[in-house]
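Asks: model the structure of this input:
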Amino acid sequence: MTDLLMYEKECWAQTYQYIAGVDEVGRGCLFGDVVAAAVILPVGLVLEGVDDSKKLSEKKREALYDLIMEQAVAISVGYADAETIDRINIKQAARLAMKKAVLGLPEAADYLLVDAEKVDVELPQLAIIKGDATSQSIAAASIIAKVTRDRLCKGEWEAKYPEYGIAIHKGYATKLHREQITAMGPTPMHRRSFLKNLEVVQQTLF
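Replies: Just a heads-up that it's a prediction; the model follows:
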């Protein structure tokens, strides 16, 4: 069984106290912002059930979201919108959202554990492949980011563009989503650079 505090323990042993886990969601979507979260948990805290957000049911994610919000030392969320994604590319936009999340923390982090990325801040950090499955801090950030983005999909974004089914597919390239883009064209919140790869929507863009 993976010790989800292995990386955190190494940092604590080096006297780092405010270790922020950092992760993002929505990188592969056709629609909406990429959303990142930074989460600092108390030294030694074990959160039962915390795991990579993709492995958890929506009900479990929601329950853990509340628990993390209650227990964390500090939490911050950062966003990069579709226009930014199209302008600087998705990788750079995801990094920008992560940077915003880290800089927005009400308690400054002294070390970052990042899911397979580098954050453009002057802080010691470790990029961990599959970090959301091996670090509790990154998993917590993954849950905060995922629930935050899903709530936007089901709430504000669904209300703004009800014909596209955003609440159902969360902006991913499902058959329904592609059909609605073909039928009605892309919204201002669609990532134009992503749509160019979809043959089904070529005629709506060019």
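
Asks: off-centre distance for the longest helix seen in the chain?
Replies: Counting residues, the longest helix found in the chain (DSSP state H) is helix 136-152. Its chain's C-alpha centre lies 6 Å from the corresponding centre of helix 136-152 when counted by Cα atoms, centre = their mean, to the nearest Å.

Asks: dump that helix to PDB, keeping only the CA atoms.
Replies: Only the C-alpha atoms of helix 136-152 are listed here, as PDB (Å, rounded to 0.1, in the frame of the first residue of the first chain):
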ATOM      1  CA  GLN A 136      -1.800  13.200   0.100                       C
ATOM      2  CA  SER A 137      -1.200  17.000  -0.400                       C
ATOM      3  CA  ILE A 138      -1.400  16.700  -4.200                       C
ATOM      4  CA  ALA A 139      -4.400  14.400  -4.000                       C
ATOM      5  CA  ALA A 140      -6.100  17.000  -1.800                       C
ATOM      6  CA  ALA A 141      -5.400  19.700  -4.300                       C
ATOM      7  CA  SER A 142      -6.700  17.400  -7.100                       C
ATOM      8  CA  ILE A 143     -10.000  17.000  -5.200                       C
ATOM      9  CA  ILE A 144     -10.400  20.800  -4.500                       C
ATOM     10  CA  ALA A 145      -9.700  21.600  -8.200                       C
ATOM     11  CA  LYS A 146     -12.000  18.900  -9.500                       C
ATOM     12  CA  VAL A 147     -14.900  19.800  -7.300                       C
ATOM     13  CA  THR A 148     -14.500  23.500  -7.900                       C
ATOM     14  CA  ARG A 149     -14.500  23.000 -11.700                       C
ATOM     15  CA  ASP A 150     -17.400  20.500 -11.600                       C
ATOM     16  CA  ARG A 151     -19.500  23.000  -9.700                       C
ATOM     17  CA  LEU A 152     -18.700  25.700 -12.300                       C
END
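
Asks: distance of Q71 relative to E48?
Replies: 11 Å (Cβ to Cβ, to the nearest Å). Using the backbone N, CA and C atoms, a C-beta is placed for each residue, glycine as well.

Asks: before we move on, what about Y161?
Replies: 38 Å.
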